[in-house]
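Participant: pasting the structure only:
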Ligand SMILES: CCCCCCCC(=O)SCCNC(=O)CCNC(=O)[C@H](O)C(C)(C)COP(=O)(O)OP(=O)(O)OC[C@H]1O[C@@H](n2cnc3c(N)ncnc32)[C@H](O)[C@@H]1OP(=O)(O)O
């Protein structure tokens, strides 16, 4: 996703240096919105990994404030904004490194899971495909 460096702050937030390569260009000179959302999924998910908790993204809301330039130094950060049982609210932001201006912001809901999440997903897929007559 173009991450170049990751630093963990004492308050638990994660800070990144990154840049968007030309392969993720969505318009002349600017990043595709899917790349921006992908960066957020990565950094909010990684925050849970750093806290040694498996969690998956249940919802992600992205506000695209300014076009994100390709081939420019960017910074990003992710931080825990709240916790309600096994549900975490994690926020993230992407900034132009030179000015610090926020270009995009995200709020994500992470849901804690056990490793059995992936076994259940495979089992669910098996049932789903077994029930399909292939005409869908
Ligand atoms: C190493 C780098 C890190 C990279 C990290 C990458 C992370 C990812 O990409 S994850 C991939 C994308 N996400 C997924 O594939 C998840 C797919 N979805 C799922 O598996 C399920 O819908 C899942 C687990 C999110 C929720 O399943 P569900 O059966 O609802 O879980 P459940 O335990 O019943 O719900 C937990 C709580 O979350 C709430 N919740 C779940 N989804 C949502 C949602 N979208 N919005 C609001 N609330 C939600 C439920 O209402 C419930 O609330 P409460 O405890 O108050 O009743």
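Facilitator: Great, that's in hand. Worth saying up front: this structure is predicted, and the values here are computed from it rather than measured.

Participant: tell me which element the residue of the chain found nearest the ligand is part of?
Facilitator: Residue nearest to the ligand within the chain: residue 45 (2.4 Å; CB to the nearest ligand atom). Backbone N, C-alpha and C define where each C-beta goes, glycine included. Taking DSSP states H and E as the criterion, residue 45 maps to helix 33-50.

Participant: likewise residue 122?
Facilitator: In this assignment (DSSP H and E), residue 122 forms part of helix 116-130.

Participant: Let me know whether residue 81 touches residue 87 as I believe.
Facilitator: No. Judged on CB atoms under 8 Å, residue 81 makes no contact with residue 87 at a distance of 11.6 Å.

Participant: May I have the beta-bridge partners of the nearest residue to residue 3 once chain neighbours are set aside?
Facilitator: Closest residue in space to residue 3, ignoring its immediate chain neighbours: residue 18 at 4.8 Å, by CB to CB, 6 or more residues apart in numbering. Beta-bridge pairing for residue 18 (DSSP bridges): residue 3, residue 74.

Participant: so who does residue 18 touch?
Facilitator: Residue 18 makes contact with 1, 2, 3, 4, 39, 74, 75, 76 under the criterion CB atoms under 8 Å, 6 or more residues apart in numbering.

Participant: Check the residue nearest to the spatial centre of the chain and give its pLDDT.
Facilitator: Computing the C-alpha centroid of the chain and ranking residues by CA atoms, centre = their mean puts residue 41 first, at 1.5 Å. Looking at residue 41, its pLDDT stands at 97.

Participant: and what of the one 3 residues further on?
Facilitator: As summarised for this prediction, residue 44 has a pLDDT of 96.
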